[in-house]
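Novice: Could you work out the structure for the sequence below:
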Amino acid sequence: MSQPADAPRRPSRSASSAPDAPESAAGSRAAAQRLKMRRELATAAMELFATKGYEATTVDEIAATAGVARRTFFRHFRSKEEAIFPDHDDTLVRAEAVLNAAPPHEHPLDTVCRGIKEVMKMYASSPAVSVERYRLTREVPTLREREIASVARYERLFTRYLLGHFDERDHHTGNDDPLLAEVAASAVVTAHNHVLRRWLRAGGQGDVEAQLDHAFDIVRETFGSGIGAGRTGTERAPAAAARVESAGPEVLVAVARTDAPLPEVMRTIEQALRQR
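Specialist: Numbers count the residues shown, from 1 in each chain. Below is the predicted model:
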């Protein structure tokens, strides 16, 4: 008796889900094509800026070099200076996705550090292009201003995220979380930009990820243990994932939460060892 009842339902589920897959695939293809065109226009713009100079290059020339019409250029960029930063919009979306998918046990500062790594991945994916773009932004004030505006978008994103975990209006004696959150967001962006500039000046050579991790460790040691220190147990757990106690001149005993991320545990132990 159950077979006849089940039979009509199976096609119904297939029919309802079938249109979703092509639609999703079409959306992915459209996004990939959009990014491909943006990068082609950016490549054309950079080539012309390098050979003719920024001021002498026109939008029409950029479009012609990329093999598209002027109107196609303006579907992707509002101006010629915007054209050499084709990936920032998509990178901002990916960085925000990292923040939105953060595990509940992760300290917000660690989440922000992971989020901004998406920006470094963007630059590191094409070292030669990134180095040339860096050279251009040093020479052309208008491009430099555009780059600063892009960096400000990331900083606002990370500041909003950190402040979202603390009540920025809750200023009272002993609660410095709102201040620390805003300063820490700026510190993460500054650390990232410092490492990025050093890597670009070196021609895109070196282990930029290891350099970035080292810079973030400094930020965490400076700000991480302070943010959230005065919160109650109903709020997100503070940065310290482990408690380390001395059990003698040569022994340290560490007690950690079972859900504590390993990097937090290791940092707590390392700090305790340095203080001995």
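Novice: Could you point out the longest helix of the chain?
Specialist: Under DSSP state H, the helix in the chain containing the largest number of residues is helix 20-52.
Novice: Pull out the buried positions in it.
Specialist: When burial is assessed from 16 or more other CB atoms under 10 Å, helix 20-52 yields the following buried residues: Met37, Arg38, Arg39, Glu40, Leu41, Ala42, Thr43, Ala44, Ala45, Met46, Leu48, Phe49. In this view, the C-beta of every residue, glycine as well, is placed from N, C-alpha and C.
Novice: any idea which helix or strand comes after it?
Specialist: Once helix 20-52 ends, the next helix or strand along the chain (criterion: DSSP states H and E) is helix 59-66.
Novice: re the thing from before, any idea of the angle the longest helix of the chain forms with helix 59-66?
Specialist: Note on geometry: by axes from the mean of the first three to the mean of the last three CA atoms, to 10 degrees, helix 20-52 and helix 59-66 are set 110 degrees apart in direction.
Novice: Show me what helix 20-52 packs onto, helices and strands only.
Specialist: In terms of contacts (3 or more CB pairs under 8 Å, 6 or more residues apart in numbering; DSSP states H and E), helix 20-52 is packed against helix 59-66, helix 70-76, helix 127-139.
Novice: name the element Val183 belongs to?
Specialist: Here Val183 sits within helix 177-201, counting by DSSP H and E.
Novice: other SSEs contacting that helix?
Specialist: If you count contacts as 3+ CB pairs under 8 Å, 6+ apart, helix 177-201 packs onto helix 108-124, helix 127-139, helix 141-164, helix 208-219.
Novice: Can you redo those helices as TSV, where the extra columns are distance to Ala184, mean pLDDT and mean neighbour count?
Specialist: Below are the helices and strands packed on helix 177-201 laid out as TSV (distance: least, CB to CB, whole Å; pLDDT from 0 to 100; neighbours: other CB atoms under 10 Å):
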stretch	distance to Ala184	mean pLDDT	mean neighbour count
helix 108-124	6	91	21
helix 127-139	26	88	17
helix 141-164	6	86	17
helix 208-219	7	92	17
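Novice: Among these, which comes closest to Ala83?
Specialist: In terms of CB to CB, the element of the helices and strands packed on helix 177-201 nearest to Ala83 is helix 141-164, at 9.7 Å.
Novice: Thanks a lot, catch you later.
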